[in-house]
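Chemist: Next comes the sequence, and after it the predicted model I'd like to discuss.
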Amino acid sequence: MLIASMVNKNFGFGTQIRKSPYFDSTVKWGATGFSVYNHMYIPRDFGNPEKNFWNLIEKSILCDVAVERQVEITGPDAYKFIQLLTPRDLSNLAVGQCKYVLITNNEGGILNDPVLLRLAENHFWLSLADSDILLWAQGVAVNSKLNVKITEPDVSPLQLQGPTSGKIMVKLFGESVKNLKYYWLKEYNLDGIPLIVSRTGWSSELGYEIYLRDGSRGNELYEKIMETGKEHGLQPGHTSSIRRIEGGMLSYHADADINTNPFELGLDRLVNLDSEIDFVGKEALKKIKKDGIKRKQVGLELDCKPLEGPNTTFWTAYKDDKKIGKVTSAVYSPRLKKNIGLAMIAIEHSEIGGKFKVDTNDNKINCTVVEKPFYDPKKKIAST
């Protein structure tokens, strides 16, 4: 396999940040840029982002998302402990099921928005966004008086996403994979490679996440999937900012952070304050709900020429020269032929149809508040 130094001497890789088990294969297949996520390198560039978007929505792409590190919770009190971490009521979470959850701190701030997988009665994984929940969970456990073990297992996900992903999965795993329901998981063994497969993904498209349970087999697995998917138009790729913004999907540190609460994001459904369940931040979230929020996430259309790429800084929003919030994510959608974005805006300016200006650091442009998600709002593509 090729190594990065043979491809681009400016990559600047070091030992203090980990490489994924798929690293050599992603370089071989054309990764030209990397960034850091959960203390690990993630391939961010396989060429034109718009081409990557069309590859995703017309055929399929394979994404190295080993950076979605897993926090594994096991032990006799694992279920009780998981419920302590999240405000979402997990009483109906079955073995083999996944749920999108929030991890909140004592002030009700969001620390992470992972997918929770229940592998067995007292065996859970938190598939993380970009923050150190392993350390948080171990800290919470110290004084919880619960009998749990919290570790980071040797598990590294790939995302196979797009309309032809189902056909590729059938070729890999057989017809039974068609029975895997949205947000459910199943254990597989692919030519001796131990895997967990779930009907999840960060694309709003039909897709699967393939969790490798033996890092030594990473490049082998990547190459096997790419070869199998050749006849169905599979391309190497990276998670698409265009598609995730179209779908209104959050990017932690951009659209949410430790100072953001679930109600500001319209995620009330993930917070259960009326049942007997206990969790970190419950009293704070009760008070926030009672007092009401002062800002709210909204969808935006930005009236300017097509953006050349997603924003890499927050853009300040103004109304009558007064700062009213910030644009957290913005991109040009070639499908919608519009600039679209997500913004955190003062509640009094968050109504649909509201207008204000945004300073992009290059110029000030007009914006209009619109409904989100921008495309397939009922998630029919991903869930059926």
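Modeler: Sure thing, it's come through.

Chemist: ends of stretch 63-73, how far apart?
Modeler: 26 Å (C-alpha to C-alpha, to the nearest Å).

Chemist: From the chain's centroid, how far away is that stretch?
Modeler: 11 Å (C-alpha atoms, centre = their mean, to the nearest Å).

Chemist: As a check, name the ranges of all strands in the stretch 251-384 of the chain.
Modeler: For the stretch 251-384 of the chain, applying DSSP state E, counting those that start in this stretch gives strands covering 295-303, 315-319, 322-333, 338-346, 355-359, 364-370.

Chemist: Give me the sheet partners of the fourth one and which way each runs.
Modeler: Just to be clear, that refers to strand 338-346. Strand 338-346 has the following sheet partners, assigned by DSSP bridges: strand 295-303 (antiparallel), strand 322-333 (antiparallel).

Chemist: and what of the second one?
Modeler: According to DSSP bridges, strand 315-319 forms sheet pairs with strand 322-333 (antiparallel), strand 355-359 (antiparallel).

Chemist: rewinding a little: identify whichever of the strands paired with strand 338-346 lies nearest to Pro373.
Modeler: Nearest to Pro373, of all the strands paired with strand 338-346, is strand 295-303, at 7.5 Å by C-beta to C-beta. Every C-beta, even on glycine, is put in place using the N, C-alpha and C of the backbone.

Chemist: Centre of the chain to the closest one, how far?
Modeler: For strand 295-303, the separation from the chain centroid amounts to 20 Å (computed by C-alpha atoms, centre = their mean).

Chemist: Tell me the buried residues in it?
Modeler: By neighbour count on 16 or more other C-beta atoms under 10 Å, the buried set for strand 295-303 is Arg295, Lys296, Gln297, Val298, Gly299, Leu300, Glu301, Leu302.

Chemist: any idea which of the strands paired with strand 315-319 is most buried?
Modeler: Highest mean neighbour count of these: strand 322-333, a mean of 20 (counted as mean count of other C-beta atoms under 10 Å).

Chemist: Now do it, average pLDDT.
Modeler: Mean pLDDT, taken over the full extent of strand 322-333, equals 98.

Chemist: before we move on, what about stretch 355-370?
Modeler: Stretch 355-370 comes out with an average pLDDT of 95.

Chemist: ok so, going back, save the strands paired with strand 315-319 as TSV, and put in distance to Ile73 too.
Modeler: Output for the strands paired with strand 315-319, formatted as TSV (distance: least, C-beta to C-beta, whole Å):
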stretch	distance to Ile73
strand 322-333	30
strand 355-359	41
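
Chemist: For Ser240, find the nearest of the ones you listed.
Modeler: Nearest to Ser240 among the strands paired with strand 315-319 is strand 322-333 (9.3 Å), distances taken as C-beta to C-beta.

Chemist: And the closest one, how far out from the chain middle?
Modeler: Distance of strand 322-333 from its chain centroid, counting by C-alpha atoms, centre = their mean, is 20 Å.

Chemist: and what of stretch 279-297?
Modeler: The answer for stretch 279-297 is 23 Å, by C-alpha atoms, centre = their mean.

Chemist: do the same with stretch 333-344
Modeler: Stretch 333-344 sits 18 Å away from the centroid of its parent chain (C-alpha atoms, centre = their mean).

Chemist: how close does Pro310 get to Gln97?
Modeler: 32 Å (C-beta to C-beta, to the nearest Å).

Chemist: Tally up the residues packed near Glu187, please.
Modeler: Glu187: 12 surrounding residues under other C-beta atoms under 10 Å.

Chemist: got it, and Gly174?
Modeler: The tally of other residues near Gly174 (other C-beta under 10 Å) stands at 10.
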